[in-house]
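Engineer: Quick one, fold the following:
(2 chains)
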Amino acid sequence: MDIIILGQQLMGYIPLGDIVLYLAPVNLFMFASALAFTTLIAISRTETQVEAGVGTLKDQEVKVDKDEFKIRRFLAIVCGLATAGAMITGDLFNFTLFVCLIGIVNIGIVAAVKQIDVLDAAFQYGLVAMIAILPLFGGAAMILASTGTISLLEIAHIPTTFMMIFGSLLLFLGVAGETGVAPFYATKAEMFRTPGSPFLLIIHLSSLLVIIRVIEILLIINKPF
Amino acid sequence: MANILLNVLIAFLVGSVLFGLQRKIMARIQMRPGPPIIQHLLHTLKFFIKESTFPKTAAMPFYIAITAMLSVIWVAAIIVGPVTQGSLLLIFAIYAIHKIVEHNAGSSSGSPYGKLSCVRAVFSAAAEVPLFAVLIIIYFKAGTMNIAQIISYQAANGPLIYSIPLAAAMFFVLILSKAPYSPFAITKGKDIISGYETEHFGLLRGYLMMSESTAWYMLLWVFLTVFIGGLSPLWYLVGMLALSTIVGFINATTPILNPNHSIMTQVSFALIGIVGSLVLLLY
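Structural biologist: Reported below is the predicted structural model:
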């Protein structure tokens, strides 16, 4: 195999009909990391958050109750699997679907919490994530319309046009909104005040890994050389 | 395998001594005698032989595994960097996972200090990840993300620090933010004790400190390699000493910023660096 993407040798690809998974060192590393963290989330219990009590010298313990634990763990595992999928897919449309799923379950992970400030933050993040769906899919659709394919292996060989650059900008805007990174991070950080460290990990993990993946995808689509 | 072990050992020892050197420089500037240069190394080794205790509020086994993760990813970075000279994008991914570990080492203990550090880590990631995005500018200039090819490019065209100086400055700000006592070290500010490390004791703290030293060495190695080029071991050491000394001077003379100011300053650097570098590339 002699396919080189961004200076890294492609180690192989798995064609599953329309779905093509490609195996390059960066993608495999991020895929393995996402799966490792997801396994860790599945087997971990949550921490007890110790806070200063108001009007007393005693500590106040904030715990995750059993029902909340079950639903949040399920959503965190779904988020981990979606993140792993987004890391390894060689198909632009699947990538956008995985990112969209990550956005939805991220809201779900914190929406189960019974803390007003956290719910407010989740609501605001949810609004941004929902709005971001439009540029996310719109960008992918424009790239499909201008290249005739959603396979990144094919797009890597197609010369960049203005519409591909415009589609990429929309795609980046969509991913930024879905993952809640800058400039949308302000509300998202407040979501991390709730207990449930293993579940919060996956929210942060998915955002950062998806950002790295989208940088890789944008460089594949918009070839500067 | 021997090559990997040797590089890991060098990274740990050199990183630890450079941290010690920084503390010494800071102390002398502040007219204190300061600790010995090998203090950070001694501290790290000391934690490996101390008793390990675990908070009863911790999220097990997550709380333990997160420290192992940190060690593993920086060993992986050494394999990708000095050993195989692989993809820069992979080092970017490793750095992103470092931020996640920083975030969750804090929140997994249940301590309010760790939790505050965790929230600050989320904030700081929003600023540090754009700073790390400087690697894209290197790709635009050198046409590759492969470290070996970037070294070859610089051998033929001269060091990248001359052609994309703003990108180098951005990366230096990132390095600065990872130094203890730096103006951007909000995740380990003394107002929250030791930040995300506060509730990790004994062996686990030893692993955290060992990984920090390795991470420091790796960040300096990446800076020297991608902005100056492939150097001999002696010149790498000289370069790392020089960078650590500059960082020591900055840390000694600047207060730690509050989280909002820290993020806004870093984001401003990132914005100026990215836009400025792109303009320099176009003209």
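Engineer: can you map out the helices along the chain?
Structural biologist: Using chain A. According to DSSP state H, chain A carries its helices in the segments A:25-43, A:66-88, A:92-111, A:116-147, A:152-155, A:162-179, A:185-190, A:197-221.
Engineer: I was after chain B.
Structural biologist: Taking DSSP H, the helices of chain B run over residues B:2-29, B:39-49, B:62-78, B:88-107, B:112-132, B:134-142, B:147-157, B:160-163, B:165-177, B:202-227, B:233-253, B:259-282.
Engineer: Residue A:58 is nearest to which of those helices?
Structural biologist: For residue A:58, the closest of those is helix B:112-132, at 14.1 Å, according to C-beta to C-beta. From N, CA and C alone the C-beta is placed, and that goes for glycine too.
Engineer: lowest-confidence helix or strand of chain B?
Structural biologist: Least confident helix or strand, chain B: helix B:112-132 with a mean of 76, by mean pLDDT, DSSP states H and E.
Engineer: That one vs chain A: in contact?
Structural biologist: Yes: counting by C-beta under 8 Å from any C-beta of the partner chain, chain A has neighbours in helix B:112-132: B:112, B:115, B:118-119, B:122-123, B:125-127, B:129-130.
Engineer: Out of the residues you listed, which comes closest to residue A:119?
Structural biologist: Using C-beta to C-beta, the residues of helix B:112-132 next to chain A come closest to residue A:119 at residue B:119, 16.6 Å.
Engineer: and the gap between the closest one and residue A:206?
Structural biologist: Separation of residue B:119 from residue A:206 (C-beta to C-beta, to the nearest Å) stands at 18 Å.
Engineer: Next: residue B:170.
Structural biologist: The value you get for residue B:170 to residue A:206, if C-beta to C-beta is used, is 25 Å.
Engineer: Residue B:119 and residue A:206 - which one has more neighbours?
Structural biologist: Ranked by neighbour count (other C-beta atoms under 10 Å in any protein chain shown), residue B:119 and residue A:206 place residue A:206 first, with 31 against 20.
Engineer: which ones are touching the more buried one?
Structural biologist: For residue A:206, the contacting residues are A:34, A:79-80, A:82-83, A:102, A:106, A:179, by C-beta atoms under 8 Å, 6 or more residues apart in numbering or on different chains.
Engineer: Residue of the stretch 151-283 of chain B closest to chain A, please.
Structural biologist: Distances between the stretch 151-283 of chain B and chain A by C-beta to the nearest C-beta are smallest at residue B:267, namely 6.6 Å.
Engineer: List the residue ranges of the chain that fall below the pLDDT cut-off.
Structural biologist: Here I'm looking at chain A. Along chain A, the parts satisfying pLDDT under 70 run over A:1-8, A:18, A:181-193, A:224-225.
Engineer: I was thinking of chain B, sorry if that wasn't clear
Structural biologist: B:129, B:131-132.
Engineer: any idea which of the helices of chain A is most buried?
Structural biologist: Greatest average neighbour count among the helices of chain A goes to helix A:197-221 (a mean of 25), per mean count of other C-beta atoms under 10 Å in any protein chain shown.
Engineer: That helix vs helix A:92-111, what angle?
Structural biologist: Counting by axes from the mean of the first three to the mean of the last three C-alpha atoms, to 10 degrees, helix A:197-221 lies at 160 degrees to helix A:92-111.
Engineer: Enumerate every residue touching the nearest residue to residue B:42 once chain neighbours are set aside.
Structural biologist: Nearest non-adjacent residue to residue B:42, counting by C-beta to C-beta, 6 or more residues apart in numbering or on different chains: residue B:36, 7.8 Å away. Residue B:36 is in contact with B:20, B:24, B:42, counting by C-beta under 8 Å, 6+ apart.
Engineer: Please repeat the previous calculation with a cut-off of 10 Å.
Structural biologist: Residues counted as contacts of residue B:36 (C-beta atoms under 10 Å, 6 or more residues apart in numbering or on different chains) are B:20, B:23-24, B:42.
Engineer: And for residue B:258?
Structural biologist: So residue B:258 contacts B:186, B:189, B:191 (C-beta under 10 Å, 6+ apart).
Engineer: for it, phi and psi?
Structural biologist: The phi/psi pair for residue B:258 (degrees, to the nearest 10) reads phi -80, psi 160.
Engineer: Would you check how far apart it and residue B:186 are?
Structural biologist: Taking C-beta to C-beta, one finds residue B:258 at 8 Å from residue B:186.
Engineer: what does residue B:51 give?
Structural biologist: For residue B:51, the distance to residue B:186 - C-beta to C-beta - is 30 Å.
Engineer: how about the residues of the stretch 151-283 of chain B that lie near chain A?
Structural biologist: For the stretch 151-283 of chain B, the residues in contact with chain A (C-beta under 10 Å from any C-beta of the partner chain) are B:199, B:259-260, B:263, B:267, B:270, B:281.
Engineer: From those residues, pick the one nearest residue A:87.
Structural biologist: Nearest to residue A:87 among these: residue B:270, at 24.3 Å, using C-beta to C-beta.
Engineer: okay, the contacts of residue B:36 in CSV with neighbour count and distance to residue A:194 next?
Structural biologist: Below are the contacts of residue B:36 laid out as CSV (neighbours: other C-beta atoms under 10 Å in any protein chain shown; distance: C-beta to C-beta, whole Å):
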residue, neighbour count, distance to residue A:194
B:20, 22, 38
B:23, 21, 36
B:24, 19, 42
B:42, 13, 39
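Engineer: Please name the nearest non-neighbouring residue to residue B:50.
Structural biologist: residue B:202 (4.7 Å).
Engineer: Next: residue B:99.
Structural biologist: residue B:125 is the one closest to residue B:99 (C-beta to C-beta, 6+ apart), at 4.5 Å.
Engineer: any idea how far residue A:204 is from that neighbour?
Structural biologist: 7 Å.
Engineer: Common neighbours of these two, please.
Structural biologist: Here residue B:125 and residue A:204 have A:189, B:96, B:99-100, B:102-103 as joint contacts, going by C-beta under 10 Å, 6+ apart.
Engineer: out of everything not next to it in sequence, what's closest to residue B:197?
Structural biologist: Nearest to residue B:197 is residue B:208, by C-beta to C-beta, 6+ apart, at 5.5 Å.
Engineer: Count the residues that sit near that neighbour.
Structural biologist: Residues near residue B:208, counting by other C-beta under 10 Å: 22.
Engineer: so it makes contact with residue B:200?
Structural biologist: Yes: counting by C-beta atoms under 10 Å, residue B:200 is a contact partner of residue B:208 at 5.7 Å.
Engineer: got any residues that touch both of these two?
Structural biologist: B:47, B:66-67, B:105, B:194.
Engineer: for whichever residue of the stretch 101-250 of chain B sits closest to chain A, which residues make a bridge with it?
Structural biologist: Nearest residue of the stretch 101-250 of chain B to chain A: residue B:146, at 3.4 Å (C-beta to the nearest C-beta). Per DSSP bridges, the residues bridged to residue B:146 are residue B:87.
Engineer: surely it meets residue A:24?
Structural biologist: No: the pair residue B:146 / residue A:24 is not scored as a contact, 11.8 Å apart, by C-beta under 10 Å.
Engineer: Go through the shared contacts of residue B:125 and residue A:204 and name the one nearest residue B:77.
Structural biologist: Looking across those and measuring by C-beta to C-beta, the closest to residue B:77 is residue B:96, at 11.6 Å.
Engineer: check contacts around that closest one.
Structural biologist: Contacts of residue B:96 were listed using C-beta under 10 Å, 6+ apart, and they are A:30, A:33, A:204-205, A:207-212, B:73, B:125, B:128-129, B:132.
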